[in-house]
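**Q** sequence first, predicted coordinates after that:
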Amino acid sequence: MKKILFSTILLSMIVSSTTHLYAQSNDLIKKLDQKSLHVAAHRGAHLEQPENSIAAIEEAIRQGASVVEVDVRATKDGVLVLMHDKTVNRTTTGQGEVAKQTYAELQQLHLRKKANGEASDHVIPTLSEALRVAKGKILVDLDFKEDRKEFVKKTYALVEQEGMEDQVLFFLYDYKDMPKIYKLNPTITLFPRARSMKDLEAILKMKLTSIVHLDESFIDSEKLNALRQQGIYFWMNSLGEYDDKAEQEGKKAYRSFLEKYPFVRLIQTDHPSLWREVLSGS
């Protein structure tokens, strides 16, 4: 009885016209509706190009990814740049924290071709540069890594400045931050993470987004497929286990991923080109 009741509650939160129910970009939802499954390139196509580089974004576009995920931090003088780690040690020829160096100082560094590997000719890009390269070509998932939360507002302002409201997902580790950030610009699509069915219920109840990040603990296909059919877009990662298996076993690893998680709509991966082969049936 409890299971039936919970499913009924979840489904009652959804109506068939999700673009009118949720406070998000209608144009972005229309783009997602063009395909049943989408590939998101993790830190750009970083196996071919330095992670979080302009070249990695361009390679993700070339490989046919629908979304490119990039990480956002701010320099000492407040310039928004792409960088996953708190420090530049792993991915550049420099040392130290991003937040303790100016943009000019960071521009003296070179991105490494691979983590802790040899230097490339590429430099750390600004968020503005990244958005301009992506504009009109690929959706952008902004993974906001900056500890200083006042830079959320600056990130939103930059998205607006570049006219990218309809192409950006703003990822949230804590869905409880949604109402406050939503007020900055309701047309920018929030993209929260749910760690449990209880989290998912709370997110959908807010009616601020229909795109939710799930992890491998979500396996109730019946409930989640019902929500997918009602217009909810579930994002899951094939990073780690399934990407590693794909390196060894090829495309069958990804087919088993889809069998286990049939409700997924967006898949983040380190192997966007291999996923494209699977989804194209080749």
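**A** Looks like it arrived, so ask away.
**Q** which other helices and strands does the helix or strand containing L142 contact?
**A** Of the helices and strands defined by DSSP states H and E, L142 is found in strand 139-144. Other elements packing on strand 139-144 under the criterion 3 or more Cβ pairs under 8 Å, 6 or more residues apart in numbering; DSSP states H and E are strand 67-74, helix 127-134, helix 151-161, strand 168-172. For glycine as for every other residue, the C-beta is placed from the backbone atoms N, C-alpha and C.
**Q** partners of the residue lying closest to A134 once chain neighbours are set aside in the sheet?
**A** Spatial nearest neighbour of A134, excluding adjacent residues (Cβ to Cβ, 6 or more residues apart in numbering): V140 at 5.0 Å. V140 has the following beta-bridge partners by DSSP bridges: V68, V168.
**Q** redo the helices and strands packed on strand 139-144 as TSV? Include mean neighbour count, distance to Q108 and mean pLDDT.
**A** Below are the helices and strands packed on strand 139-144 laid out as TSV (neighbours: other Cβ atoms under 10 Å; distance: least, Cβ to Cβ, whole Å; pLDDT from 0 to 100):
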stretch	mean neighbour count	distance to Q108	mean pLDDT
strand 67-74	25	17	98
helix 127-134	20	17	98
helix 151-161	17	22	98
strand 168-172	24	29	98
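**Q** pull the contacting residues for T75.
**A** The contact partners of T75, taken as Cβ atoms under 8 Å, 6 or more residues apart in numbering, are V81, V98, A99, Q101, T102, Y103, L106.
**Q** name the residues of stretch 22-42 that are buried.
**A** 22-25, 28-29, 31-32, 38-42 (16 or more other Cβ atoms under 10 Å).
**Q** again with stretch 237-252
**A** N237, S238, Y242, D243, K245, A246.
**Q** just give me the closest of these to K135.
**A** N237 (25.3 Å; Cβ to Cβ).
**Q** excluding its backbone neighbours, what's nearest the closest one?
**A** Q268 (4.6 Å).
**Q** where does this structure dip in pLDDT?
**A** 1-21, 282 (pLDDT under 70).
**Q** follow-up on the earlier one: hmm, the residue nearest to A134 is touching D166, no?
**A** No. The criterion here is Cβ atoms under 8 Å, and V140 misses it with D166 at 10.7 Å.
**Q** those two: who's more crowded?
**A** V140 (24 against 18; other Cβ atoms under 10 Å).
**Q** quote the end-to-end distance of stretch 37-50.
**A** By Cα to Cα, to the nearest Å, the extent of stretch 37-50 from end to end equals 26 Å.
**Q** and that stretch, how far out from the chain middle?
**A** 11 Å (Cα atoms, centre = their mean, to the nearest Å).
**Q** again with stretch 171-190
**A** Distance, centroid of stretch 171-190 to centroid of chain: 14 Å (Cα atoms, centre = their mean).
**Q** okay, buried residues for it please.
**A** F171, L172, Y175, M178, I181, Y182, N185, I188, T189, L190.
**Q** so which two of those are the farthest from each other?
**A** Farthest apart among these - using Cβ to Cβ - are Y175 and N185, which lie 17.7 Å from each other.
**Q** picking up where we left off before, which of the buried residues of stretch 237-252 fall in strands?
**A** If you go by DSSP state E, those have N237 in strands.
**Q** which one of the buried residues of stretch 237-252 is nearest T209?
**A** N237 (18.2 Å).
**Q** I'd assumed T269 was in contact with the closest one.
**A** Yes. With contact defined as Cβ under 8 Å, N237 reaches T269; the gap is 7.4 Å.
**Q** nearest spatial neighbour of L279, chain-adjacent residues omitted?
**A** L37 (5.5 Å).
**Q** ok, now how distant is the one you found from L200?
**A** For L37, the distance to L200 (Cβ to Cβ, to the nearest Å) stands at 20 Å.
**Q** quick revisit: roughly how far apart are the residue nearest to N237 and R43?
**A** Using Cβ to Cβ, we find Q268 at a distance of 10 Å from R43.
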